[in-house]
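[1] got a predicted structure plus its sequence, pasted below:
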Protein chains: 4
Amino acid sequence: MNTPHSKDQEPKRSPGRPKRLEQDAPMNELILQTASRLFMEYGYEPVSLQQIAKVCGVTKASIYYHFINKSQLFTAAVTSMMGMARSSSLRIMQQEDLPLYDRLVTLAEVKLRFPHGDFETIMREAGGSLSQDQREEIRLSEEKIHDILVDAFRTGIDKGEIRHVQPLLMAHTLASMLMLGNREISKDFGTSPADLAREIIDMFWNGVSVGAKVSQS
Amino acid sequence: MNTPHSKDQEPKRSPGRPKRLEQDAPMNELILQTASRLFMEYGYEPVSLQQIAKVCGVTKASIYYHFINKSQLFTAAVTSMMGMARSSSLRIMQQEDLPLYDRLVTLAEVKLRFPHGDFETIMREAGGSLSQDQREEIRLSEEKIHDILVDAFRTGIDKGEIRHVQPLLMAHTLASMLMLGNREISKDFGTSPADLAREIIDMFWNGVSVGAKVSQS
Amino acid sequence: MNTPHSKDQEPKRSPGRPKRLEQDAPMNELILQTASRLFMEYGYEPVSLQQIAKVCGVTKASIYYHFINKSQLFTAAVTSMMGMARSSSLRIMQQEDLPLYDRLVTLAEVKLRFPHGDFETIMREAGGSLSQDQREEIRLSEEKIHDILVDAFRTGIDKGEIRHVQPLLMAHTLASMLMLGNREISKDFGTSPADLAREIIDMFWNGVSVGAKVSQS
Amino acid sequence: MNTPHSKDQEPKRSPGRPKRLEQDAPMNELILQTASRLFMEYGYEPVSLQQIAKVCGVTKASIYYHFINKSQLFTAAVTSMMGMARSSSLRIMQQEDLPLYDRLVTLAEVKLRFPHGDFETIMREAGGSLSQDQREEIRLSEEKIHDILVDAFRTGIDKGEIRHVQPLLMAHTLASMLMLGNREISKDFGTSPADLAREIIDMFWNGVSVGAKVSQS
DNA sequence: CATGAATGAGCATTCATTCAT
DNA sequence: TATGAATGAATGCTCATTCAT
């Protein structure tokens, strides 16, 4: 249930510093993670600090202790998430013993498992509420992810493995294609994420047209 | 205008039904179009009825005369837009004298020129505010668009023109790829929409890998 | 009682436009008057819109229908009040058949009856929340009041009635002296406002020192 | 500092009692002085404990170690300041070898140099937040200042130096007139504080009307 | 058809205050 | 002594919605 009306009797935490016996992640990061998840799922405006606070089991005011305001929390959440996505992508793409194709499949599989709205769309929605600097910061952290793909594609072109298409265009195209995981119908395809990843990369690699190519898996 | 404290001295429209000049579409549709544009650009929550009303040059209350509430307006706006997109797509895809590839390029070109957020993301954002029926209605109108592509792809498969991939998956993949037009970097590619359309369809059709194929344009 | 906890059963007004049979002042002005009174009594920050709304018998949102925000309401309230004070002062000072001294007594009497905080202090308190323009606007409306006194004093000097002191300084001095009416101890003086007015103007006119003058009343 | 999200890299003070260098006043008094200054400049509500803490270079919690709450801090700050003002005034007025007029000029000069809002107005603003006892305490400390003037005036009357006006009324009137130093326009008078002091006391002493008196400086 | 004037619910934000360390 | 991490209550403001005109 989402309704705030339900008077669920969670034990109200009393004010003052909480006894820090707990070795679980510091509030700081719990909030960041929760915020990331909610923002990427529902966008900026629809997610209220109240909501984030509730999920974290703290009060709104507590969030304001850790973050200046909503837009900064958003920025922090999104860039932190981007950072993790980047390392994950990097780890995959750096396995240079594997063929590019296979690395792309692994990458796709990982991305397909993490559901989130289209980043561009979310940014456009949040845009009005962010400062110029914040937009810049986020944009930068996003670019760093694309850079990984761009590099891989450039190398692929140099090695004669892939065609001579603008690497950045390819990167964005692939990113767009991987948004498929978020479409509700993705379940209707009846395939596991692993299979879906394979199919998408196959399309990306070979195109849809009938040709002389051999499916490479 | 609703707020009397607005300092702008726009000529106060007098109450009562305004004489309908032949050229202006009925309020009904003006609102619908305006709403479509704004919703697709910024999402559901960030767009206020006030905003829509202002753009249309009427009051909020006036919108409530034509539509029962925000969610219904959203539903109506989106489905109406989908309807138009459908006819447009249909017109293009029905030119069966042209090769599929060329029709896809034309289609892409049209879609790239109309900027809008990712539909799935917007729906997820609006989701919480829509009724089950409304979600259903929108989903249906969206499907009808995909159906056009699905049909085309199925025919393509039958004719041996394209590979044996799930048509629905292809349709969604293409739709995803066409979201590229909305990405800010799309301008950085230095190409016109027409060129971009060509490049995207080329990737969709031939894939990125090096092969024996000949670019078909 | 001031406590918002008291669940007093005032008849909740239902939404929508109220039946306007009432010939009492339009909300617009009721709010302005109420706000004036409260702001001048307690200052800017301590007066909440909630409070103003409650006194007016409407909701906060209703205030926002008539005024853009708190600072604008403050500005409007204060300048409107200043305007009224100005006409009142003007009416008194224009009775040029009466001697200046007598006119000042009348003026003092009126001001002493209207209790309010020191304007300068209130402005300093509100200052941080007002825009440059708003401060300017208020300052201007205040100046117009002082101008009336300044003119009167200038004429008095020309006629050889009063000494050659900077008129503006005299005006501000008199204004300061009239703040006495607000001091709680003013009641302790055991005199009626009329008597107090007389005594203050006597001091202003003749000073405290022993001299050859004859008290002029 | 309290908020960890503040980007300023001031050297974090380590917890525990800081070695008390001889030159800095005990925290206690630093807070008191800072609070006095801010409260008298901006009033009660607009000054937050956060703000005071920041200026003092300590945390909010630290203030709560020294003072039980805001209203008590206010009371303490104001009465302490009053105490200092009292001694200062006393020192000046006790120089009984000087004529009363000259002592008043000196007093005026001192007060004009210390800018602060009208005390009465500030009290009215803070009023709602103070306990009865606190109001009493402040009122008392204020009275003690007026008493000095009252005594001086009473003596002046006895000596036949000044007219037979209620001494308390004179005291308050003078206090009101000295508020002029805080008015922004006081600079426009083009005179130094010393000159302004002289002019004000002259008005207070001789009044504005033309008479047989000789300016006494 | 369309407006003007209102409401109630919610949101971001701030503030005084508390308490374990 | 002083801090770090929290709370609850309040505030300014916006928004969807309602209803008499």
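    Yes, it's here. Residues are numbered from 1 along each chain as shown, chains lettered A, B, ... in the order given.
[2] which SSE is A:Thr75 in?
    Taking DSSP states H and E as the criterion, A:Thr75 maps to helix A:70-93.
[3] right, is that helix up against DNA strand F?
    No. In terms of Cβ under 7 Å from any atom of the strand, no part of helix A:70-93 sits within range of DNA strand F; the closest distance is 11.4 Å. The C-beta positions use only the backbone N, C-alpha and C, and glycine is treated the same way.
[4] which outside residues touch stretch A:114-125?
    A:39-45, A:135, A:138, A:142, A:179, A:181-182, B:41-43, B:45-46, B:117-118, B:120-122, B:124-125, B:179, B:182-184 (Cβ atoms under 8 Å, 6 or more residues apart in numbering or on different chains).
[5] could you rerun that using 7 Å?
    Stretch A:114-125 has contacts (Cβ atoms under 7 Å, 6 or more residues apart in numbering or on different chains) with A:40-41, A:43-45, A:138, A:142, A:179, A:181-182, B:41-43, B:46, B:117-118, B:120-122, B:124-125, B:179, B:182-183.
[6] can you select the buried ones from those residues in ChimeraX?
    The ChimeraX command for the buried members of the contacts of stretch A:114-125 (criterion: 16 or more other Cβ atoms under 10 Å in any protein chain shown) is given here:
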select /A:40,41,43,44,45,138,142,179,181,182 /B:41,42,43,46,117,118,120,121,122,124,125,179,182,183
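[7] in helices only, show me the contacts of stretch A:114-125.
    With helices defined by DSSP state H, the entries of the contacts of stretch A:114-125 inside them are A:Met40, A:Glu41, A:Ile138, A:Glu142, B:Glu41, B:Tyr42, B:Glu120, B:Thr121, B:Ile122, B:Arg124, B:Glu125.
[8] pLDDT value on the first one, please?
    A:Met40 is assigned a predicted lDDT (pLDDT) of 95.
[9] and it, how far from chain B?
    10 Å (Cβ to the nearest Cβ, to the nearest Å).
[10] quick revisit: near DNA strand E, list only the ones from the contacts of stretch A:114-125.
    Of the contacts of stretch A:114-125, not one also sits near DNA strand E (Cβ under 7 Å from any atom of the strand).
[11] returning to what we had before: got the buried residues for the helix holding A:Thr75?
    A:70-71, A:73-82, A:85-86, A:88-89, A:92-93.
[12] give the other helices and strands that the next helix or strand after it contacts.
    Next helix or strand after helix A:70-93 toward the C-terminus (DSSP H and E): helix A:100-113. Where contact means 3 or more Cβ pairs under 7 Å, 6 or more residues apart in numbering or on different chains; DSSP states H and E, helix A:100-113 is packed against helix A:70-93, helix A:167-178, helix A:193-206.
[13] repeat that for 8 Å
    For helix A:100-113, the packing partners by 3 or more Cβ pairs under 8 Å, 6 or more residues apart in numbering or on different chains; DSSP states H and E come out as helix A:70-93, helix A:132-158, helix A:167-178, helix A:193-206.
[14] what is the mean pLDDT for the longest one?
    Right, helix A:132-158. Model confidence over helix A:132-158 averages 95 on the pLDDT scale.
[15] repeat for stretch A:57-76
    For stretch A:57-76, the mean per-residue pLDDT is 97.
[16] now the end-to-end length of it.
    Length of stretch A:57-76, first residue to last, Cα to Cα, to the nearest Å: 20 Å.
[17] how far off centre is it?
    Relative to the chain's own centre, stretch A:57-76 is displaced by 20 Å; criterion: Cα atoms, centre = their mean, to the nearest Å.
[18] got any ranges where chain A has weak pLDDT?
    Residue ranges of chain A with pLDDT under 70: A:1-13, A:16-24, A:184-188, A:190, A:211-217.
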